[in-house]
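>>> Pasting the sequence and the predicted model now:
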Amino acid sequence: MTSTMTDRLHDVFEVNERDVSTVTTSYCLGELISFEPCGGGLINSNYRLHTSKGSYLLRCYPAERTAAEVTFEVTLLSHLDRVGFFGPIPVRSAGGGYIGTLHGRLFTVLTFVEGGTVAQEELTAELAEQVGAKYAEFRRLVAGFRPGGTRENPDLGAVSELMESLLADVHETYPAEAELIASSWAAVERRFRDVDEDQFEVLHGDLFYENIIVDAGKLVTFIDYDDAYLGLPVLDLALVVMEFATPPDNRIDPDLATAVLRAFGQHGGEPVPAPEDLLDALIFLCCKFMAYTLPLNLQRGETVTDNEYFRRLEHLRDDTVRRALDGAFSLATTGEGA
């Protein structure tokens, strides 16, 4: 979920030097040199720790996060480390566990991945290709893997409840926009909700330009697996396509989308969805993230059209755009135009 909005879904959990020193001691991280807030996410509170042994990430979770949910993330990251997929690695405490508690909040410590992120205006075909290839590797390495703990699939019920509430809020004030949202959601909801769970695989869940690390213009790896869950791979691939092919005007660029998909297929990414499935998945995702973020726009006194996912949805519902994307997706996945 892009973090261009200033509002967070949860308050920042603040820590002090004494708190951090307690963590560095209990996790055998060496002597604390300094620490500072890190990242601009909407949910967790992250801090970069500089110690005599190196740099680490202290991730503090919102109050409602359960140990079973954190375990899902930790065991996924541990699996990726074991199979050679470079990225943040969970650190064990002196007691042998991964999950700690600080002022009633759960936290984990991860190794810190050096490098930077990119901005939306910096998206390029070269980066899209690198992401598509890396995501194909990720899909291969998590195929059939089931992390420990539990993580709710937000595509099954939670989003439907949020969407119902959202539509009730905007129906009277923005009737035309509400109708576009409602008709779009009705067209795709059951297709991705009422599915056999045997089709589920591990999904990153939030792979966008601020959740990758680059160095000297080259992709290093993916980060922030906090939203990972078991779901339909087509939705995760569609999210990667959308986030790395959508410049600041919120209109998906067919050339960037083609770059992601072609690299994904060329590097063994499976399954490669049919173009119509990808298009419907994109609409589903616009509705899904709109359900989370549009209330923040309205709280700030903005309108429905100020929401980036609504603007993307408008773009995708245009028949000319849909035909252009269908052709681009067909060329990328089969080598033949639509």
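The structure has been received and is ready for your questions.
>>> OK, contacts around Leu232?
Contacts for Leu232 (Cβ atoms under 8 Å, 6 or more residues apart in numbering) come out as 155, 192, 195, 199-201, 203. C-betas here are computed from N, CA, C, even on glycine.
>>> Check these and tell me the two furthest apart.
Phe192 and Glu201 (14.1 Å; Cβ to Cβ).
>>> re the thing from before, between the contacts of Leu232, which has the most around it?
Leu203 (26 neighbours; other Cβ atoms under 10 Å).
>>> and that residue, backbone torsions?
phi -110, psi 150 (degrees, to the nearest 10).
>>> next one: Cys60
phi -110, psi 130.
>>> sec struct for Leu230, please.
Under the three-state scheme (DSSP: H, G, I helix; E, B strand; the rest coil), Leu230 adopts strand.
>>> what's the spacing between the closest residue to it other than its chain neighbours and Phe138?
Among residues not flanking Leu230 along the chain, Phe200 sits closest, at 4.3 Å (Cβ to Cβ, 6 or more residues apart in numbering). Remark: distance between Phe200 and Phe138 (Cβ to Cβ, to the nearest Å) = 16 Å.
>>> and Thr108, that one's in a strand?
Yes: Thr108 forms part of a strand when assessed by three-state DSSP.
>>> Surely it touches Pro90?
Yes: counting by Cβ atoms under 8 Å, Pro90 is a contact partner of Thr108 at 6.0 Å.
>>> Tell me which of those two has more neighbours.
Thr108 (25 against 19).
>>> before we move on, back to that, let me see the contact set for the residue nearest to Leu230.
Here Phe200 is in contact with 153, 230-232 (criterion: Cβ under 8 Å, 6+ apart).
>>> for the chain, which spans come out with low pLDDT?
1-11, 40-44, 335-338 (pLDDT under 70).
>>> one more time with 80
1-12, 39-44, 194, 271, 333-338 (pLDDT under 80).
>>> Which helix in it has the most residues?
helix 275-299 (DSSP state H).
>>> From the contact counts, what lies against that one?
Here helix 275-299 is seen to pack against helix 158-170, helix 175-193, helix 233-244, helix 308-317, helix 319-334 when contacts are counted using 3 or more Cβ pairs under 8 Å, 6 or more residues apart in numbering; DSSP states H and E.
>>> so where do the strands sit in the stretch 1-150 of the chain?
32-37, 45-51, 54-60, 100-102, 105-111 (DSSP state E, counting those that start in this stretch).
>>> Can you pull the residues that touch both of Thr108 and Pro90?
Joint contacts of Thr108 and Pro90 (Cβ under 8 Å, 6+ apart) are 74, 98.
>>> Surely Arg317 touches Leu180?
Yes: Arg317 lies in contact with Leu180 (Cβ under 8 Å); the separation is 6.7 Å.
>>> So for stretch 17-37, first residue to last residue, what's the gap.
One end of stretch 17-37 sits 12 Å from the other (Cα to Cα, to the nearest Å).
>>> Dig out what the residue lying closest to Pro88 once chain neighbours are set aside forms beta bridges with.
Spatial nearest neighbour of Pro88, chain neighbours left out: Leu110 (4.0 Å); criterion: Cβ to Cβ, 6+ apart. Per DSSP bridges, the residues bridged to Leu110 are Leu57, Pro90.
>>> can you pull the contacts of Leu110?
Counting by Cβ under 8 Å, 6+ apart, Leu110 has contacts 56-57, 59, 77, 88-91.
>>> ok, now how distant is it from Ser183?
From Leu110 to Ser183 the distance is 42 Å (Cβ to Cβ).
>>> And for Leu127?
For Leu127 relative to Ser183 (Cβ to Cβ), the value is 34 Å.
>>> now swap in Met242 and tell me
Distance, Met242 to Ser183, by Cβ to Cβ: 20 Å.
>>> Of these two, which one has the most company?
Met242 (22 against 10).
>>> Disregarding flanking residues, what is the spatial nearest neighbour of the residue nearest the centre of the chain?
Centroid check for the chain by Cα atoms, centre = their mean gives Asp206 as the closest residue, at 0.3 Å. Excluding the flanking residues, the one nearest Asp206 by Cβ to Cβ, 6+ apart is Asp227, at 4.0 Å.
>>> sec struct for that neighbour, please.
coil.
>>> Do I have it right that it meets His204?
Yes: at 7.4 Å, Asp227 counts as touching His204 under the criterion of Cβ under 8 Å.
>>> Need phi/psi at the residue nearest to Asp206.
The phi/psi pair for Asp227 (degrees, to the nearest 10) is phi -90, psi 10.
>>> distance of it from Asn46?
14 Å.
>>> more neighbours, these two?
Between Asp227 and Asn46, counted using other Cβ under 10 Å, the more crowded position is Asn46 (20 against 17).
>>> correct me, but that one touches Arg59?
Yes: using Cβ under 8 Å, Asn46 is in contact with Arg59, at 5.4 Å.
>>> how near is Gln266 to Pro154?
The gap separating Gln266 from Pro154 is 30 Å, by Cβ to Cβ.
>>> Please say which of the two ends up with more neighbours.
Neighbour tally, Gln266 and Pro154, criterion other Cβ under 10 Å: the higher count belongs to Pro154, 17 against 13.
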